[in-house]
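Asker: no sequence for this one, just the structure:
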């Protein structure tokens, strides 16, 4: 395959990253006519067990369903309204300052990933527990360089068993790493992407100065809260709760648990306590089980003192060892394509989750990539067009995330003096273009 003309029909394609973006882009490559697709996923554990939530705007769902990336077989909960509460003395729910429409479907990450994974053709080679150290683009094809000491050959049952991604086309590159060669590499490996580093060296996510604390609670445990005067289940299934305070907020909504029940999913945004050196300038995360005493004490302070008692109590039902933290970063790559290296999902653009569009953007990237790959025989510039269009969308979502971050965390208004009209004005100022939930998918 020449370097100046990419052919997808029968191509050997590698996807680095096997989460939602990775499975979706692998599906896109298959549908576009790739001959063989190999997915590398560094996590050896069960991705299907991830129990946190995400939400998809109804309009974006309709587009992605039409493109074949979402459908009603994936368990979901229909949401309709965002209700905004502030702490008001001992009032369990707090005081509602207003409500805004929230036409979203909520999903559980694990079951959604599992459905996408299940749709991959049987000949997909899915390789969990494999660390990709680097990728390269040379005259004889793009190379995936696997780290020494990784298992590398373990396959996952179902789609494709182990093996090198391109059969005999692999070998040592002189550094002790194994190198497997392909015709095309798709980077769906998140905000610490090795594919992006190869395509655009030095592009790094910028730390925004605050954290997202995350957890979920089985819905049947909410009766343990037991506030006098409140029913056992005081909030409607279709309600998304915004608990707001100076310097942050929490979002709480119900998600399916993948087993016929529901969980209360929550995400708390606020800055860490001052004086802690968390090393966040280099992109990182704090997975379950790693919260320090200082961080958990700050979490306890926010839930006990700044949020209404019911919502704070709900969050405290999540065991400490299950709470995890995502530092807020944002960036966008200059382009989504560089030769035979393509980017999708968080590898290409990270927008803060306030946008309500993280999973949407990843799935849209896959749908747009499928369209571009299919168009290559007639339009050699189709991948460049993919990079231009999705890059513009990514930049707009990064800017929206920054504006919402300022309003909801970094420079919050005095929520306690706000009413419905004030809430509507504040939201309109932050999301003037109406892009919350994601931009329209271009056909």
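Answerer: Arrived safely, thanks for sending. Everything numeric in this text was worked out from a predicted model, so none of it was measured.
Asker: For the nearest residue to residue 309 once chain neighbours are set aside, which residues are in contact?
Answerer: If the residues on either side of it in the chain are set aside, residue 309 comes closest to residue 92, at 5.2 Å by Cβ to Cβ, 6 or more residues apart in numbering. Every C-beta, even on glycine, is put in place using the N, C-alpha and C of the backbone. By Cβ atoms under 8 Å, 6 or more residues apart in numbering, the contact set of residue 92 is 227, 229-230, 234, 308-310.
Asker: Are we agreed that residue 92 is in a helix?
Answerer: No. Counting by DSSP: H, G, I helix; E, B strand; the rest coil, residue 92 is not part of a helix but coil.
Asker: Is it possible to mark the buried ones in the contacts of residue 92?
Answerer: Buried subset of these (neighbour count, 16 or more other Cβ atoms under 10 Å): 308-310.
Asker: Just give me the neighbour total for residue 425.
Answerer: Here the number of neighbours of residue 425 (other Cβ atoms under 10 Å) works out to 12.
Asker: Please report how far residue 334 lies from residue 5.
Answerer: Residue 334 sits at a distance of 22 Å from residue 5 (criterion: Cβ to Cβ, to the nearest Å).
Asker: ugh, typo on my part, it should be residue 416
Answerer: Distance, residue 416 to residue 5, using Cβ to Cβ: 62 Å.
Asker: Between those two, point out the one with more neighbours.
Answerer: Legend: neighbour count by other Cβ under 10 Å for residue 416 and residue 5, higher for residue 416 (13 against 8).
Asker: What are the neighbouring residues in contact with the nearest residue to that one once chain neighbours are set aside?
Answerer: Leaving aside its chain neighbours, residue 416 sits nearest to residue 86 (5.3 Å; criterion: Cβ to Cβ, 6+ apart). Taking Cβ under 8 Å, 6+ apart, we find residue 86 in contact with 94-95, 97, 243-245, 308, 415-416.
Asker: let's go with 10 Å and repeat that
Answerer: Contacts for residue 86 (Cβ atoms under 10 Å, 6 or more residues apart in numbering) come out as 94-97, 242-246, 249, 306-308, 414-418.
Asker: Quick check: it vs residue 47, distance?
Answerer: The gap separating residue 86 from residue 47 is 37 Å, by Cβ to Cβ.
Asker: Also residue 191?
Answerer: 17 Å.
Asker: Also residue 297?
Answerer: Separation of residue 297 from residue 47 (Cβ to Cβ): 31 Å.
Asker: From one end of stretch 276-293 to the other, what's the distance?
Answerer: With Cα to Cα, to the nearest Å as the measure, stretch 276-293 spans 11 Å from end to end.
Asker: What is the distance between it and the centre of its chain?
Answerer: With Cα atoms, centre = their mean, to the nearest Å as the basis, stretch 276-293 stands 18 Å off its chain's centre.
Asker: and what of stretch 345-354?
Answerer: 7 Å.
Asker: So what would you say the end-to-end distance of it is?
Answerer: With Cα to Cα as the measure, the first residue of stretch 345-354 is 16 Å from its last.
Asker: I'd say residue 129 and residue 46 touch.
Answerer: No. Assessed by Cβ atoms under 10 Å, residue 129 is found out of contact with residue 46, at 11.4 Å.
Asker: hmm, back to that, redo the contacts of residue 92 as TSV? Include distance to residue 19 and pLDDT.
Answerer: Below are the contacts of residue 92 laid out as TSV (distance: Cβ to Cβ, whole Å; pLDDT from 0 to 100):
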residue	distance to residue 19	pLDDT
227	38	92
229	43	88
230	38	93
234	35	94
308	34	98
309	36	97
310	33	98
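Asker: about what we covered before: list only buried entries from the contacts of residue 86.
Answerer: The neighbour count (16+ other Cβ under 10 Å) marks 94, 97, 242-245, 249, 306-308, 415, 418 as buried among these.
Asker: now, which of the residues you listed lie within strands?
Answerer: If you go by DSSP state E, these have 97, 242-245, 249 in strands.
Asker: could those residues go into JSON lines alongside pLDDT and distance to residue 221?
Answerer: Formatted as JSON lines, these follow (pLDDT from 0 to 100; distance: Cβ to Cβ, whole Å):
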{"residue": "97", "pLDDT": "98", "distance to residue 221": "28"}
{"residue": "242", "pLDDT": "98", "distance to residue 221": "22"}
{"residue": "243", "pLDDT": "98", "distance to residue 221": "18"}
{"residue": "244", "pLDDT": "98", "distance to residue 221": "24"}
{"residue": "245", "pLDDT": "98", "distance to residue 221": "24"}
{"residue": "249", "pLDDT": "98", "distance to residue 221": "23"}
